[in-house]
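Chemist: what shape does this take:
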Amino acid sequence: MRLNLNSWLYQFWSIVFTTEGSYIVKTCQNYPDTLELDGSWKAARAFSVIGFVLIIMLLIIKCCVICNSESDPISAKLDAPVFLLLAISQGLMLLLLSSKVCKSNKLVAFGNIEWQETCSLDTGGKCTISAMVFWFVAAVTSNAMIKRAKAEEEEHDIENNDSTTLTEPLNSATSA
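Modeler: The predicted structure follows:
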């Protein structure tokens, strides 16, 4: 049997007795207040909040830029660092694997049920890793796009420089 744990909730089973019989109900519960959080667990929680806030801010900014008819160069320049921060925060959420959730968790030792003794990546952990990779790829490609646009702009300025700029002084009087 497997016990599913994450940084905020854990899987819980309870027996519900009704007039029609008894049922086993599987739900998610908050960790009890008596369970002490260690540094890795707190860090994993903090980085999950940081990632969520960054994604919401990015979504709002992108929606505002899309609604604006002109392209926003400042927003485009901030894309790569924000994507990189998202990749880092996604990766640091995996600190949970080295926390008390996986080591000496009192909930795992509860009852006479035999649980797996080690933590392993389940669907959520694998999705976290893939999200981290996608955010990193987005950061790299956004940075490459900004560099390419800057190079094209400089090339365009050099091509138009011959006909639009003045290279000789205005006063060309020579002394005789």
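Chemist: longest helix in the protein, by residue count?
Modeler: Of all the segments of type helix in the chain, defined by DSSP state H, the longest one is helix 123-164.
Chemist: against which helices or strands is it packed?
Modeler: In this structure, helix 123-164 makes packing contacts with helix 73-92, judged by 3 or more CB pairs under 8 Å, 6 or more residues apart in numbering; DSSP states H and E. Backbone N, C-alpha and C define where each C-beta goes, glycine included.
Chemist: let me see the mean pLDDT of the helix it packs on.
Modeler: The average pLDDT within helix 73-92 is 86.
Chemist: can I get that helix in PDB? Just the C-alpha atoms.
Modeler: Taking Å, rounded to 0.1, in the frame of the first residue of the first chain, the C-alpha atoms of helix 73-92 are listed here in PDB:
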ATOM      1  CA  PRO A  73       9.900  45.500 -24.900                       C
ATOM      2  CA  ILE A  74      10.200  45.800 -21.100                       C
ATOM      3  CA  SER A  75       7.900  42.800 -20.500                       C
ATOM      4  CA  ALA A  76       9.700  40.800 -23.100                       C
ATOM      5  CA  LYS A  77      13.100  41.500 -21.400                       C
ATOM      6  CA  LEU A  78      11.700  40.300 -18.100                       C
ATOM      7  CA  ASP A  79      10.400  37.000 -19.500                       C
ATOM      8  CA  ALA A  80      13.600  35.100 -19.400                       C
ATOM      9  CA  PRO A  81      14.500  35.900 -15.800                       C
ATOM     10  CA  VAL A  82      11.000  35.200 -14.600                       C
ATOM     11  CA  PHE A  83      10.900  31.900 -16.400                       C
ATOM     12  CA  LEU A  84      14.300  31.000 -14.900                       C
ATOM     13  CA  LEU A  85      13.000  31.900 -11.400                       C
ATOM     14  CA  LEU A  86      10.000  29.700 -12.000                       C
ATOM     15  CA  ALA A  87      12.300  26.800 -13.100                       C
ATOM     16  CA  ILE A  88      14.400  27.200  -9.900                       C
ATOM     17  CA  SER A  89      11.400  27.400  -7.600                       C
ATOM     18  CA  GLN A  90       9.800  24.300  -9.300                       C
ATOM     19  CA  GLY A  91      13.100  22.400  -8.700                       C
ATOM     20  CA  LEU A  92      13.500  23.600  -5.100                       C
END
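Chemist: can you give me the buried ones in that helix?
Modeler: For helix 73-92, the neighbour count (16 or more other CB atoms under 10 Å) marks 79-80, 82-92 as buried.
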